[in-house]
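Engineer: Give the three-dimensional model of this entry:
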Amino acid sequence: MKRLLPHPLLTPMLALVWLLLNNSVAPGQIVLGLLLGWAIPVFTLPFWPEQVRIRHPRTLLRFAGVVLFDILVANLKVAWLILVRGRHLRPAFVVVSLDVRHDLAISALANTICLTPGTVSARLSEDRKSLLVHALDADDHAELVATIKSRYEAPLKEIFEC
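Structural biologist: Below is the predicted model:
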């Protein structure tokens, strides 16, 4: 069964992404999306270093909701910053020490930070214990680090490592 459907959660997610990219729910697009959602995990299976285990699916759903909400809020905040405070921004680089050790959790954290407008993951340290993050406007570096750790890293640690 694992050979036929190696990543059961990834298949519907890829199909959904396909439908969103095509902006269509036509029957042909649904079939093609499901076909791609099945084929991509099957053909990329040798490149996955280990089987991904989601330890707490409800936490994953809550995390997705938090990220989507934060993306929406950050878009509005960045627009306001640029339109109102354009010349008075306080860009900064901050170092976030990492508690997560799972490769997929680190990758998800870095990508989540990049998806949230106004922040970008810039560099992962060689020992994989810290992440350099650039913020468009950060007056309180400690607050930014605390927000990243509590809203993103803590749920990812629960999802992938507990």
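Engineer: which ones are touching Ala110?
Structural biologist: 121, 124, 131 (Cβ atoms under 8 Å, 6 or more residues apart in numbering). Using the backbone N, CA and C atoms, a C-beta is placed for each residue, glycine as well.
Engineer: can I see the domain layout of this protein?
Structural biologist: 10-47, 57-160 (automatic domain parsing).
Engineer: Let me know the helix or strand that Ala79 is in.
Structural biologist: Counting by DSSP states H and E, the element that carries Ala79 is helix 57-85.
Engineer: returning to that earlier point: quick one: the domains of the chain as TSV, columns for distance to Arg3 and mean pLDDT too.
Structural biologist: Below are the domains of the chain laid out as TSV (distance: least, Cβ to Cβ, whole Å; pLDDT from 0 to 100):
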stretch	distance to Arg3	mean pLDDT
domain 10-47	8	91
domain 57-160	21	93
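Engineer: Show me where the protein has its strands.
Structural biologist: 92-97, 119-124, 130-135 (DSSP state E).
Engineer: Between the ones you listed, which one is closest to Thr112.
Structural biologist: strand 119-124 (8.7 Å; Cβ to Cβ).
Engineer: could you give the angle of that closest one to strand 130-135?
Structural biologist: Interaxial angle, strand 119-124 versus strand 130-135 (axes from the mean of the first three to the mean of the last three Cα atoms, to 10 degrees): 150 degrees.
Engineer: and strand 119-124, which strands flank it?
Structural biologist: Counting by DSSP bridges, the strands paired with strand 119-124 are strand 130-135 (antiparallel).
Engineer: Could you find the closest non-adjacent residue to the residue positioned nearest the centre of the chain?
Structural biologist: Closest residue to the average C-alpha location of the chain: Thr112 at 3.2 Å, with Cα atoms, centre = their mean. Spatial nearest neighbour of Thr112, excluding adjacent residues (Cβ to Cβ, 6 or more residues apart in numbering): Tyr152 at 5.1 Å.
Engineer: How about the contacts made by the one you found?
Structural biologist: By Cβ under 8 Å, 6+ apart, the neighbours of Tyr152 are 63, 66-67, 109, 112-113.
Engineer: Swap in 10 Å and give it another go.
Structural biologist: Counting by Cβ atoms under 10 Å, 6 or more residues apart in numbering, Tyr152 makes contact with 63, 66-67, 70, 96, 100, 105, 108-110, 112-113, 116.
Engineer: Now, of these, which are buried?
Structural biologist: Buried members of the contacts of Tyr152, counted by 16 or more other Cβ atoms under 10 Å: 63, 67, 70, 96, 100, 105, 108-110, 112-113, 116.
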